[in-house]
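S.K.: Just to be clear, the model below is a prediction. Sequence and coordinates:
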Amino acid sequence: MVKIAPSILSADFARLKDEIQEVEQAGADWIHVDVMDGHFVPNITLGPLIVEAIRPHTSLPLDVHLMIEQPDRYISQFAKAGADYISVHQEACSHLHRTIYHIKEQGVKAGVVINPATPVAMIEPILPDVDLVLLMTVNPGFGGQKFISNVLSKISQVRQIVNENDLKVDIEVDGGINKETAKDAVKAGANVLVAGSAIFGASDRRQALSAIRSSCE
Ligand SMILES: O=C(CO)[C@H](O)[C@H](O)COP(=O)(O)O
Ligand SMILES: [Fe+2]
């Protein structure tokens, strides 16, 4: 079963509650929350206060994608704010195993993320310890970028490791997902699709969500 996680990065921030409730009613499975610090990526977005503010307005899991340096400093704040998943970039963690267990100790599911240019080998040792692997299909920092198709082979690599070792790990892709690229990502082995502009940029969010879902079924 493929899950779809609309990214609120492309939502109307002045109407965030309504935007989230609209995609929830339209059949979204998770809500993807992009946290950027202006250092790890060249953009600044939102922090734990926004996660806390939206938490009461949806029953969907909040999938928090931290694009920040030294993420350990903020993990407990995002957990207390109501995150269900917290994912950290391998490139931002000097002690990845410690950070993943720091997330789990908060009672939150832990994810690891890699950029398009980072090889799967960099996360292979941590795969038995995580709940989620997020493979970036754009360079992080902005919504509305073009899907980097070279990442498809990395999705297949992660799927093979997960299946061979019978790991309970979701494989998520993020960046440039639309009804065409979704199909390729799912065929390669992804089971969670983040989509920002393809959903929030559409006037009919229900139609946009179901177009992505039916393209990969
Ligand atoms: O992490 C992200 C960017 O760094 C976003 O989740 C992603 O870009 C979603 O936007 P779109 O679907 O428009 O590409
Ligand atoms: Fe993201």
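M.R.: In hand now; what should we look at? Ligands and ions are numbered 1, 2, ... in the order given.
S.K.: Quick check: pLDDT value at the closest residue to His57 other than its chain neighbours.
M.R.: In this structure, His57 finds its nearest non-sequential neighbour in Lys17, 4.7 Å apart by CB to CB, 6 or more residues apart in numbering. C-beta coordinates here come from the backbone N, C-alpha and C atoms, glycine included. pLDDT, the model's per-residue confidence, is 98 for Lys17.
S.K.: Lys17 and Phe78, how far apart?
M.R.: The span separating Lys17 from Phe78 equals 19 Å under the rule CB to CB, to the nearest Å.
S.K.: again with Glu52
M.R.: Per CB to CB, Glu52 is found 9 Å from Phe78.
S.K.: about what we covered before: Lys17 and Phe78: who's more crowded?
M.R.: When Lys17 and Phe78 are compared on other CB atoms under 10 Å, the one with more neighbours turns out to be Phe78, at 24 against 12.
S.K.: Show me what the helix or strand containing the more buried one is packed against.
M.R.: Using DSSP states H and E, the element containing Phe78 is helix 75-81. Here helix 75-81 is seen to pack against helix 48-54, strand 85-89, helix 96-105 when contacts are counted using 3 or more CB pairs under 8 Å, 6 or more residues apart in numbering; DSSP states H and E.
S.K.: for these, which one ends up most surrounded?
M.R.: Most buried of the helices and strands packed on helix 75-81 by mean neighbour count (mean count of other CB atoms under 10 Å) is strand 85-89; its value is a mean of 27.
S.K.: List the strands paired with it, with their directions.
M.R.: Sheet pairing of strand 85-89 (DSSP bridges) gives strand 62-67 (parallel), strand 109-114 (parallel).
S.K.: The closest residue to ligand 2 within the chain: neighbour count?
M.R.: Here the chain gets closest to ligand 2 at one residue, His65, 3.8 Å apart by CB to the ion. Counted with other CB under 10 Å, the burial measure for His65 works out to 27 neighbours.
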